[in-house]
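**Q** Curious how this folds, go ahead:
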Amino acid sequence: MEQVIVLGATGNIGTAVLKNLQNRNVEVFAGVQSEKDFEKVSQFGAIPLIVNFTDQESLNQALKGKDRVFLVTPLMQNPEAVTQMVINAAKQNGVKHLVRSTASGADSKGQIQMARWAGASEDLIKASGLNYTIVRPYSFLQNFINFHSQTIKQYNGFYLPTGEAKLSMLDINDLGEVVALALTSDEHFGKTYELSGITYTNEILAKTLSQVLGRKVSYIDIPEEKAKESMLSNHMPEWMVNAMMELNYITKQGWTAGYSDDFKNITGREYTSAETFFETNKLAFL
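**A** Reported below is the predicted structural model:
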């Protein structure tokens, strides 16, 4: 039985991967930061390992004996540094396959910082000589829970500076399913998958939420300056605010809209719809 380790196991993406790796005939390990995270990963049958993702020796030890590794990093500056250390550990331990979640539009020479960070990680992986699979998700439907559930509950609205743009929205569980399939097969070596989700506007998403919740929910298009001011007042670091504002800008231009059939080709199913997602997670907005 192969051994798989998920690095970044306690975040939304890592959790979705652990959930989808259940009952797939692999022994799953979960890289966590401390013992307080043990229960969160153990519920999915994963064996917790404390890993310091910024320490080469810690990663070397964590990947010892592992056949495959999944890596996702949070929004951070220069994530390619972590990617390189994971590549080093993988090569030292003879890991046969690295799966990395980056972002749509990844390009080390891209127009926005998030694209350049994601692209730099991809460049390192492709030059590493390892068998790899890259998944590039678009925006997540889970953002409605993580960032907008409070204002939806209190004010029946969500606030974004993205105008009337079309945007593609992905359920993280769909990403988790593709990653789990990649981690349990040799068929996905050398592949890069675009995972778009279905394309909507925020007005359509507000109407869908209204139907599901049985009350009117509105999308409020706010000025960019207001959005930036709000993030700074919530003590987000300036580099993160600037990266988010760049993302909001390209979203408003419609550059994050698009459809990729990679998910359908891999799973045989259509992406999870916003309506299904909101129905499944209805309690988060009540």
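**Q** Start and end of stretch 265-273, how far apart?
**A** By Cα to Cα, to the nearest Å, the extent of stretch 265-273 from end to end equals 17 Å.
**Q** buried stuff in that stretch?
**A** The neighbour-count check on stretch 265-273 (16 or more other Cβ atoms under 10 Å) flags I266, Y271, T272, S273 as buried. To be clear about C-beta, it is placed using only N, CA and C from the backbone, and glycine gets the same treatment.
**Q** if I look at the residue nearest the centre of the chain, how far off is R116?
**A** Among the residues of the chain, the one closest to the centroid is I13, at 4.8 Å (Cα atoms, centre = their mean). Counting by Cβ to Cβ, to the nearest Å, the separation of I13 from R116 is 20 Å.
**Q** what do you get for D262?
**A** 23 Å.
**Q** next one: R215
**A** Relative to R116, R215 is positioned 41 Å away (Cβ to Cβ).
**Q** out of these two, which sits in the more crowded spot?
**A** Using other Cβ atoms under 10 Å as the criterion, R215 and R116 rank with R116 on top: 17 against 12.
**Q** Now do the one helix or strand the more buried one maps to: which elements does it pack against?
**A** Counting by DSSP states H and E, the element that carries R116 is helix 113-126. In terms of contacts (3 or more Cβ pairs under 8 Å, 6 or more residues apart in numbering; DSSP states H and E), helix 113-126 is packed against helix 80-92, strand 97-101, strand 132-137, helix 238-252.
**Q** in it, what counts as buried?
**A** Neighbour-count burial for helix 113-126 [16+ other Cβ under 10 Å]: 113-125.
**Q** export the residues you listed to a markdown table and tack on distance to A106 and pLDDT?
**A** Below are the buried residues of helix 113-126 laid out as a markdown table (distance: Cβ to Cβ, whole Å; pLDDT from 0 to 100):
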| residue | distance to A106 | pLDDT |
| --- | --- | --- |
| Q113 | 12 | 89 |
| M114 | 9 | 90 |
| A115 | 6 | 92 |
| R116 | 9 | 94 |
| W117 | 8 | 93 |
| A118 | 4 | 95 |
| G119 | 4 | 96 |
| A120 | 9 | 96 |
| S121 | 8 | 97 |
| E122 | 5 | 98 |
| D123 | 9 | 97 |
| L124 | 12 | 98 |
| I125 | 11 | 98 |
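**Q** and which of those is nearest to L141?
**A** Within the buried residues of helix 113-126, distances to L141 taken as Cβ to Cβ reach their minimum at M114, with 18.6 Å.
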